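J.: give the three-dimensional model of this entry:
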Amino acid sequence: MAGRHRISYVPLEAMDQRMQEEMRRCAEQGTPRPESSAVRAHAPNAFWAFADAWDALFRQGVCEHALKDLCRVYISRTVRCEFCGNQRSVQAAASGVTEAQYDELLNFESADRYDDRQKAALAYAEAIAWGLDSDELWARLHRYFSEPELVELGCFIALTFGQQSWIRLLGIDHHEYLAGSATALAPGFGDAHTAEASKASAGYWAAGSNS
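T.: Take a look at the predicted model:
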């Protein structure tokens with residue numbers, strides 16, 4: 001349904017100065033990219049509630065950012081949110097997260113690209129997304145994380161799971177708002193033309209998706 005917008009983008013000129021500054025930050029730094037933020041701008045309270053929570057839980061906090069970005073993209077892949085799944089975090093890349101690690105997220109338990117702490121975090125994301133629960137899971141989580149870390153990580157995973165489950169319904173795509181920047185996009189998604197080619201390629205991660 002790409003291109004069939006269920007909710008329109010708010011024009012930049014209709015926003016106040018502070019919101020415009022945040023939109024430009026999205027275009028220049030990404031994660032989130034500007035399209036989803038331009039939808040949330042219809043309700044400024046929702047816009048700032050998300051922006052502030054995202055900054056506090058994703059870009060800051062007690063858990064390492066790279067770990068949280070792996071959980072974010074795991075959620076993208078498990079709910080097949082192409083808009084979010086084709087975004088990358090500049091901050092995570094700078095800390096050493098590789099494209100190969102993103103590619104193996106749905107098979108994280110058997111993959112050798114993650115350490116035990118990362119696998120435990122991804123098991124937490126899986127449990128939140130799919131309603132899984134067991135004493136073994138919690139013993140594993142408490143082995144690798146403090147309770148403050150478990151709270152922050154759980155809140156972050158819940159935030160991105162809810163947002164991505166909504167965003168996949170919106171019909172939005174990259175390069176539709178404040179276009180011209182390839183910041184924080186997956187390889188092959190730097191412009192609209194190459195993005196379409198990437199989506200049509202064999203082995204595209206969301207092949208068969210209805211989003």
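
J.: can you pull the pLDDT of Arg4?
T.: The score at Arg4 is 73. That number is its pLDDT.

J.: element containing the residue nearest to it when sequence neighbours are not counted, please.
T.: The shortest distance from Arg4 to any non-neighbouring residue, by C-beta to C-beta, 6 or more residues apart in numbering, is to Gly171 (4.3 Å). Where you see a C-beta, it was placed from the backbone N, CA and C, and this is true even at glycine. Counting by DSSP states H and E, no helix or strand carries Gly171.

J.: and the pLDDT for Gly171?
T.: Per-residue pLDDT puts Gly171 at 91.

J.: can you give me the helices in the protein?
T.: Per DSSP state H, the chain carries helices over the ranges 17-29, 34-40, 44-54, 65-79, 82-85, 90-94, 99-103, 116-130, 135-144, 147-167, 192-200.

J.: test my guess that the residue nearest to Arg4 contacts His5.
T.: Yes - using C-beta atoms under 8 Å, Gly171 is in contact with His5, at 5.0 Å.

J.: related to what we said a few turns ago, can you get me a residue count around the residue nearest to Arg4?
T.: 15 (other C-beta atoms under 10 Å).

J.: next up, the contacts around the residue lying closest to Cys84 once chain neighbours are set aside.
T.: Nearest residue to Cys84, sequence neighbours excluded (C-beta to C-beta, 6+ apart): Ser76, at 4.4 Å. Counting by C-beta atoms under 8 Å, 6 or more residues apart in numbering, Ser76 touches 82, 84-85, 87, 164.

J.: which one of the residues you listed sits closest to Leu150?
T.: Minimum distance to Leu150 across the contacts of Ser76 is 20.9 Å, recorded for Gln164 (C-beta to C-beta).
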